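K.L.:
please find the sequence and the predicted model below.
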Amino acid sequence: MFDAFRNLWKIADMRRRILITVGMLAVFRFGSHIPVPGVNSAVLSIYFAQMRSSVLGLFDMFVGGNLGRATIFALGIMPYISASIIFQILGATIPLYQRLAKEGEEGRRKMTQHTRYLTVLIASIQASALSIFLSNLSVGGAPVLPYSGFLIRFSIIVTMTAGTIFLMWLGELITENGIGNGISLLIMFGILARFPQDMLQFWRMLSSGALSWTFLFGFAVFAVLIVAAVVMITQGQRRIPIQYAKRVKGRKVYGGQSTHLPINVNSAGVIPIIFAQSALMLLPSFANFFRGKIWADWIVNLLNPGGLLYNSLFVIMIIMFAYVYTAIVINPQELAGNLKKYGGFIPGIRPGGQTANYIDKIISRITLPGAAFFAFIAVIPSILMAKFRLPFYFGGTSIIIVVGVALDTVRQLESQLLMRHYEGFMKRGRIRGRRR
């Protein structure tokens with residue numbers, strides 16, 4: 001593995017991409033310590049320490065603790081994800097956006113532009129609700145916003161909206177010029193940013209006797225098993241055998257070999273988890289800013305994380321988004337067309353429409369168990385956390401996101417190494433010829 005990292009550093013293009021990615025993530029962490037004007041961060045942190053198992057605590061985890069500190073990145077990248085969800089749905093239902101999705105690069109550029117506009121709108125609405133929430137919040141008689149005037153609220157709205165737009169630009173910059181998916185990396189980095197603080201709190205509870213070492217051992221084994229299961233399912237594939245017919249061109253013979261078409265068990269990756277979590281947090285997070293009103297309290301209590309309705313909707317939305325995003329990522333008609341074009345076929349299946357239907361049936365069959373497993377992993381740690389009262393949020397969603405994004409990033413790095421004839425991260429056995 002160390003040799004692989006050294007080889008990466010030797011490649012000028014990869015060295016540039018790594019430095020850009022690290023630099024952008026450093027900017028993200030630097031901005032996570034810049035507070036918005038007028039907020040008493042000390043009082044706000046006390047309030048969020050008591051709300052770690054609530055919707056706001058869950059939202060705070062996804063934005064790297066920025067909401068609990070009321071920084072310029074308090075909204076995180078979640079408004080952009082919400083806007084992306086809306087346009088994913090519009091792209092599958094509205095004829096105008098269906099046409100844009102089929103127009104290639106120009107259509108994608110227009111869709112991205114509309115997504116950015118909607119991101120600004122959603123961020124402005126959420127920042128406005130958050131400014132009202134902060135102005136009405138006090139802990140032990142100490143107000144979070146000591147000077148609650150129009151200018152203070154306006155500056156909070158502008159600052160937080162600008163922070164979200166900056167993170168959106170940062171994520172796109174990492175995707176284009178860095179390594180991996182920039183939006184996913186920002187979410188993963190935000191989740192990992194709280195890990196040292198959570199481990200320190202865990203150690204203090206062990207030292208004080210509030211938690212036993214037996215519990216620590218059982219928790220560690222449980223966490224390792226979950227991570228191993230997530231890695232196994234993420235890497236799992238259904239390999240469809242492909243046979244290429246022989247073609248003679250001049251004196252050369254092409255084709256005639258057997259290969260396979262790999263279909264991942266979880267072709268959509270961590271996107272359905274992120275989409276489902278963002279969509280499910282949108283309404284209760286907005287209602288949380290108006291606590292004290294009957295309708296707001298009803299929504300917050302109804303969609304409380306760990307509750308039966310919340311977990312049921314979470315499972316349904318993960319499976320639904322997994323099918324939707326898999327349909328966007330993998331096009332059976334296009335795969336069947338490419339196979340027919342280059343003389344490939346699935347043994348026992350006629351080329352063309354029957355091949356497309358066969359591939360579509362395979363994808364539908366393996367997507368359901370993969371999505372159901374991820375939904376189970378996303379829900380079960382939250383239930384156990386509520387039962388054993390862990391001192392920090394241990395959620396399957398965060399585990400799936402961190403593991404999935406890390407594997408995707410390593411996969412991209414390995415493909416770059418193999419493309420340049422270097423050894424990858426996973427050593428492969430070599431077959432050495434023997435002298436006769």
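P.N.:
Structure's in. What do you need?
K.L.:
all strands for this protein, in order.
P.N.:
Counting by DSSP state E, the chain has strands at residues 138-139, 142-143, 237-244, 247-249, 252-254, 258-264, 344-345.
K.L.:
the residue nearest to residue 325 when sequence neighbours are not counted and residue 327: what is the separation?
P.N.:
For residue 325, the nearest residue in space outside its immediate sequence neighbours is residue 268; the separation is 3.9 Å by C-beta to C-beta, 6 or more residues apart in numbering. Where you see a C-beta, it was placed from the backbone N, CA and C, and this is true even at glycine. Plainly put, residue 268 is 9 Å away from residue 327 if you go by C-beta to C-beta, to the nearest Å.
K.L.:
tell me which of the two has more neighbours.
P.N.:
Counted by other C-beta atoms under 10 Å, residue 268 and residue 327 do not tie: residue 268 has more neighbours, with 25 against 17.
K.L.:
okay, the more buried one: pLDDT?
P.N.:
The model reports residue 268 with a pLDDT of 77.
K.L.:
that one is in contact with residue 322, isn't it?
P.N.:
Yes: between residue 268 and residue 322 there is a contact at 5.1 Å, judged by C-beta atoms under 8 Å.
K.L.:
about what we covered before: how far away is the residue nearest to residue 325 from residue 222?
P.N.:
Distance, residue 268 to residue 222, using C-beta to C-beta: 26 Å.
K.L.:
what's the answer for residue 369, then?
P.N.:
Residue 369 sits 22 Å away from residue 222, taking C-beta to C-beta as the criterion.
K.L.:
do residue 358 as well
P.N.:
The spacing between residue 358 and residue 222, counted by C-beta to C-beta, is 39 Å.
K.L.:
my guess is residue 190 contacts residue 64. True?
P.N.:
Yes: here residue 190 reaches residue 64: they are 2.9 Å apart, a contact under C-beta under 8 Å.
K.L.:
report the set of residues contacting both of the two.
P.N.:
28, 76 (C-beta atoms under 8 Å, 6 or more residues apart in numbering).
K.L.:
pLDDT wise, what is residue 60 at?
P.N.:
Per the predicted model, pLDDT is 77 at residue 60.
K.L.:
and the residue nearest to residue 325, what does it touch?
P.N.:
Residues counted as contacts of residue 268 (C-beta under 8 Å, 6+ apart) are 321-322, 325-326, 329, 367, 371.
K.L.:
kindly report the same for residue 21.
P.N.:
Residues near residue 21 by C-beta under 8 Å, 6+ apart: 174, 178-180, 185.
K.L.:
mind giving me JSON lines with those and columns for pLDDT and neighbour count?
P.N.:
Compiled in JSON lines, the contacts of residue 21 are given as follows (pLDDT from 0 to 100; neighbours: other C-beta atoms under 10 Å):
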{"residue": "174", "pLDDT": "90", "neighbour count": "24"}
{"residue": "178", "pLDDT": "84", "neighbour count": "23"}
{"residue": "179", "pLDDT": "84", "neighbour count": "21"}
{"residue": "180", "pLDDT": "81", "neighbour count": "20"}
{"residue": "185", "pLDDT": "88", "neighbour count": "24"}
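K.L.:
among the contacts of residue 268, which ones are buried?
P.N.:
321-322, 325-326, 367, 371 (16 or more other C-beta atoms under 10 Å).
K.L.:
and of the residues you listed, the nearest to residue 412?
P.N.:
In terms of C-beta to C-beta, no member of the buried ones among the contacts of residue 268 lies closer to residue 412 than residue 325, at 18.7 Å.
K.L.:
that closest one touches residue 273, doesn't it?
P.N.:
No: with contact defined as C-beta under 8 Å, residue 325 and residue 273 do not form a contacting pair (10.5 Å).
K.L.:
for residue 263, see how far away residue 237 is.
P.N.:
The gap separating residue 237 from residue 263 is 6 Å, by C-beta to C-beta.
K.L.:
neighbour-wise, which of the two wins?
P.N.:
Neighbour comparison, residue 237 and residue 263: the larger count goes to residue 263, with 20 against 14 (by other C-beta under 10 Å).
K.L.:
tell me, how many residues neighbour the closest residue in space to that one that isn't next to it in sequence?
P.N.:
Using C-beta to C-beta, 6+ apart and skipping the chain neighbours, the partner closest in space to residue 263 is residue 238 (4.7 Å). Other residues near residue 238 number 16, with proximity taken as other C-beta under 10 Å.
K.L.:
residue 238 and residue 362 touch, don't they?
P.N.:
Yes: using C-beta under 8 Å, residue 238 and residue 362 qualify as a contacting pair, with a distance of 6.1 Å.
K.L.:
now the helices for the stretch 201-350 of the chain?
P.N.:
Residue ranges of the helices in the stretch 201-350 of the chain, as given by DSSP state H, counting those that start in this stretch, are 213-235, 271-288, 294-302, 308-329, 332-341.
K.L.:
right, and those helices - which one's nearest residue 90?
P.N.:
helix 308-329 (12.0 Å).
K.L.:
which parts of that closest one are buried?
P.N.:
Buried-residue list, helix 308-329, by 16+ other C-beta under 10 Å: 310-311, 314-315, 317-319, 321-327.
K.L.:
closest one to residue 14 out of those residues, please.
P.N.:
Nearest to residue 14 among these, counting by C-beta to C-beta, is residue 325 at 28.3 Å.
K.L.:
residues touching that closest one, list them.
P.N.:
Shown here is residue 325, whose contacts under the criterion C-beta under 8 Å, 6+ apart are 88, 267-268, 271-272, 275.
K.L.:
what do you get for residue 349?
P.N.:
The contact partners of residue 349, taken as C-beta under 8 Å, 6+ apart, are 355, 358.
K.L.:
ok, now how distant is it from residue 331?
P.N.:
With distances taken as C-beta to C-beta, residue 349 is found 17 Å from residue 331.
K.L.:
and the buried ones among the contacts of residue 268, which two are furthest apart?
P.N.:
321 and 367 (10.9 Å).
K.L.:
biggest helix in this structure, by residue count?
P.N.:
Longest helix in the chain, counting residues (DSSP state H): helix 353-388.
K.L.:
all set now, cheers.
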